[in-house]
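Peer 1: coords please:
(chains A, B, C and D)
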2 protein chains.
Amino acid sequence: MKYLISPSADEALQALNESLSSIRRRMVTIVGCCKVDYTGRAKSFLDYGDRLVIVKADGTVMVHGNEKREPVNWQPPGTSVKYMVEEGLIIEARRASPTETMRIHFKSIQALSIFTLNDGAEINIVGEEADIVDRIESDPSIIEEGLRVVRREKATSSGFIDLLCEDRNGVTVIVEVKRTSISPNAVYQMEAYLADFKKKNDKAIVRGILCAPRVSEMARTLIAEKGLEYRQIGYEFELKDKKQASLDSFK
Amino acid sequence: MKYLISPSADEALQALNESLSSIRRRMVTIVGCCKVDYTGRAKSFLDYGDRLVIVKADGTVMVHGNEKREPVNWQPPGTSVKYMVEEGLIIEARRASPTETMRIHFKSIQALSIFTLNDGAEINIVGEEADIVDRIESDPSIIEEGLRVVRREKATSSGFIDLLCEDRNGVTVIVEVKRTSISPNAVYQMEAYLADFKKKNDKAIVRGILCAPRVSEMARTLIAEKGLEYRQIGYEFELKDKKQASLDSFK
DNA sequence: ATTTGGATGTCGGGA
DNA sequence: TCCCGACGTCCAAAT
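Peer 2: Okay, the predicted model is just below:
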């Protein structure tokens, strides 16, 4: 762990170039007054101001302002990072494919720290769309009595559908699941699935059911217009493995 | 600027609670070994490991691992943050609407820093979808000779369209622009626009043109099937105001 | 407060 | 590699 308060550009550069070998898990944070130029998928300029800059070992670079969850400027993982001095410390972060360059120039540095993170844990998360599809697959009756799942995540030339089913009358039912709410886009998607399915299978009758905890107003209208169906469906999720104990203690 | 190396939980808590008045632009970073419990829109557990935790003055909390641009856990702006000690430092970040709680427990702390960021600058960015629409609006001939823009961002009951135009023969043309590439979703959207427009306006002939630097293969097929059109269109973007000088010096 | 669609989205999975 | 869709997406603008 290295920490410098108000270092000069040269002092900062020296610290950053010192232990280039132990760089595996090295992380750098710099608090200082900087400007940022970016050219790549878009182009941007951010004039001088105080920010927190973070450089991860995988090449991620983030420039954080004092608000919001999103960095004001950044480069994704895989970026190659160079440090140099030209009237102040400069961080140059380049990557190819797409070609992108971000260049940070520091007018002054409040603090610089270099440290390593040892982290073997992986996050365990539940409540995603796939978890809802799981639930429906294991008990299709929560959508409709007599519904039977034929296939999951079937690829069609119009894209993927979450569940291919049959209702109690043997009619094909295409089920699309969203974890938050049904948007107009989801309805368009379903429409295209249905059209494609009818053409490919020469079927006159195919039902389309959209499942989510909510529907937006416009989506609801579209669903009605197009003869589709909506089922409100959410579920109480629980983490499934041994980590559960820790979560129980949390509530 | 306050900086503590390997503080005890109590020392950390004291530092964090000290200057609650000057909290306007205060930012906190903590490097340490922690676990994270989250319950809200989903539910997650992250076991002990070293991370960088950032708390912004607007209530944003981020837990960053040693890889990737995205925090492994977080709370968005507007979250209420409390610090306490229970066998180690605890950060409890709650918000309502939706109800979400994230709780970070530190087993140990490598470093804690508290500082403020003075930043009056706003980012100037160009190359977004709106900039491409601007370009087309100012010179529709880049899509097609004789094309005339009737209206921009027209709301329809099926959603919004980027440009409503007329070709040299007076035929209505609906133009949809994407900054990167045309995906199947964009085609579905266009299809829905067209269907809606024909119904509402009782027109037999309406053209749909999708504009982007690229099309995906599936989208290209869909476009052909449905009698739509694609125009490859990108543009060299330049920042427009006085900041230009700085960018020129950059390249 | 809700809805809607863009984003330098990022990220993971599959062909 | 490209393509595709999910995300605790985040975010701003409009209703």
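Peer 1: just how off-centre is stretch A:162-178 within its chain?
Peer 2: How far stretch A:162-178 lies from its chain's middle: 28 Å, per Cα atoms, centre = their mean, to the nearest Å.
Peer 1: Please say whether there is contact between it and DNA strand C.
Peer 2: No. Stretch A:162-178 does not reach DNA strand C (Cβ under 7 Å from any atom of the strand); its nearest approach is 12.0 Å. Heads up, the C-betas are built off the backbone N, CA and C, glycines and all.
Peer 1: got it, and stretch A:124-134?
Peer 2: No. Figure legend: stretch A:124-134 not in contact with DNA strand C (Cβ under 7 Å from any atom of the strand); closest approach 9.3 Å.
Peer 1: ok, now how distant is A:Ser97 from chain B?
Peer 2: Separation of A:Ser97 from chain B (Cβ to the nearest Cβ, to the nearest Å): 14 Å.
Peer 1: So is stretch A:65-73 next to DNA strand C?
Peer 2: Yes. Using Cβ under 7 Å from any atom of the strand, we find that stretch A:65-73 touches DNA strand C at A:Asn73.
Peer 1: Report pLDDT for the closest residue to A:Arg69 other than its chain neighbours.
Peer 2: Spatial nearest neighbour of A:Arg69, excluding adjacent residues (Cβ to Cβ, 6 or more residues apart in numbering or on different chains): B:Thr60 at 5.0 Å. On pLDDT, B:Thr60 comes in at 98.
Peer 1: quick one: contacts for B:Thr60?
Peer 2: Listed by Cβ atoms under 8 Å, 6 or more residues apart in numbering or on different chains, the contact set of B:Thr60 reads A:Glu67, A:Lys68, A:Arg69, B:Ile54, B:Trp74, B:Gln75, B:Pro76, B:Pro77, B:Thr79.
Peer 1: Narrow those to those in strands?
Peer 2: Here DSSP state E is the test, and the contacts of B:Thr60 give B:Ile54, B:Trp74, B:Gln75 as lying in strands.
Peer 1: Tell me, how many residues neighbour the residue of the stretch 151-251 of chain A found nearest chain B?
Peer 2: Closest to chain B within the stretch 151-251 of chain A is A:Tyr188: 3.8 Å, counting by Cβ to the nearest Cβ. Using other Cβ atoms under 10 Å in any protein chain shown, A:Tyr188 has 25 neighbouring residues.
Peer 1: is it true that it lies in a helix?
Peer 2: Yes. A:Tyr188: assigned to a helix according to DSSP: H, G, I helix; E, B strand; the rest coil.
Peer 1: residues touching the nearest residue to it once chain neighbours are set aside, list them.
Peer 2: Nearest residue to A:Tyr188, sequence neighbours excluded (Cβ to Cβ, 6+ apart): B:Tyr188, at 3.8 Å. B:Tyr188 makes contact with A:Asn185, A:Tyr188, A:Gln189, A:Glu191, A:Ala192 under the criterion Cβ under 8 Å, 6+ apart.
Peer 1: Stretch A:209-219 and DNA strand D in contact?
Peer 2: No. Remark: stretch A:209-219 sits outside contact range of DNA strand D, by Cβ under 7 Å from any atom of the strand, the gap being at least 9.9 Å.
Peer 1: Check what contacts that stretch and list those residues.
Peer 2: A:132, A:136, A:143-144, A:173-184, A:186-187, A:190, A:223, A:228-234, B:157, B:159.
Peer 1: Mind jotting down where the helices sit in the stretch 1-150 of chain A?
Peer 2: According to DSSP state H, counting those that start in this stretch, the stretch 1-150 of chain A carries its helices in the segments A:9-18, A:129-138.
Peer 1: Those helices: which one's closest to chain B?
Peer 2: Among the helices of the stretch 1-150 of chain A, helix A:129-138 comes nearest to chain B, with 8.4 Å by Cβ to the nearest Cβ.
Peer 1: Which neighbouring elements make contact with that closest one?
Peer 2: strand A:148-156, strand A:159-166, strand A:172-177 (3 or more Cβ pairs under 8 Å, 6 or more residues apart in numbering or on different chains; DSSP states H and E).
Peer 1: rerun at 6 Å
Peer 2: Counting contacts by 3 or more Cβ pairs under 6 Å, 6 or more residues apart in numbering or on different chains; DSSP states H and E, helix A:129-138 is packed against strand A:172-177.
Peer 1: confidence score at the residue nearest to A:Tyr3 when sequence neighbours are not counted?
Peer 2: Once flanking residues are discounted, A:Tyr3 sits nearest to A:Ser113: 4.7 Å by Cβ to Cβ, 6+ apart. At A:Ser113, the predicted lDDT confidence score is 97.
Peer 1: which residues does A:Ser113 bridge with?
Peer 2: A:Ser113 forms beta bridges with A:Tyr3, A:Thr29, as assigned by DSSP bridges.
Peer 1: Identify the residue of the stretch 51-200 of chain A closest to DNA strand C, quick one.
Peer 2: A:Asn73 (3.7 Å; Cβ to the nearest atom of the strand).
Peer 1: where's that residue relative to A:Ser44, distance?
Peer 2: A:Asn73 is 7 Å from A:Ser44, where distance means Cβ to Cβ, to the nearest Å.
Peer 1: Could you do A:Glu87 as well?
Peer 2: A:Glu87 is 22 Å from A:Ser44, where distance means Cβ to Cβ.
Peer 1: Among those two, which residue is more densely surrounded?
Peer 2: Each of A:Glu87 and A:Ser44 has its neighbours counted (other Cβ under 10 Å); A:Ser44 has more, 20 against 9.
Peer 1: hey, what's the more buried one bridged with?
Peer 2: As for beta bridges, A:Ser44 partners with A:Tyr38, B:Ile125 under DSSP bridges.
Peer 1: isn't it right up against A:Lys35?
Peer 2: No. Applying Cβ atoms under 6 Å, one finds A:Ser44 not in contact with A:Lys35, separated by 11.0 Å.
Peer 1: residues from the stretch 151-251 of chain A in reach of DNA strand C?
Peer 2: Contact residues, the stretch 151-251 of chain A versus DNA strand C (Cβ under 7 Å from any atom of the strand): A:Ala155, A:Ser181, A:Ser183, A:Pro184, A:Asn185, A:Arg214, A:Ser216, A:Glu217, A:Met218, A:Ala219.
Peer 1: moving C-terminal of whichever strand or helix holds the last one, what's the next helix or strand?
Peer 2: It stands for A:Ala219. Per DSSP states H and E: A:Ala219 is located in helix A:217-225. Sequence-wise, the next helix or strand downstream of helix A:217-225 (DSSP H and E) is strand A:229-232.
Peer 1: average pLDDT for that following strand?
Peer 2: Strand A:229-232 shows a mean pLDDT of 94.
Peer 1: Tell me the strands beside it, with direction?
Peer 2: strand A:206-212 (parallel).
Peer 1: List the buried residues of the partner strand.
Peer 2: A:Arg207, A:Gly208, A:Ile209, A:Leu210, A:Cys211, A:Ala212 (16 or more other Cβ atoms under 10 Å in any protein chain shown).
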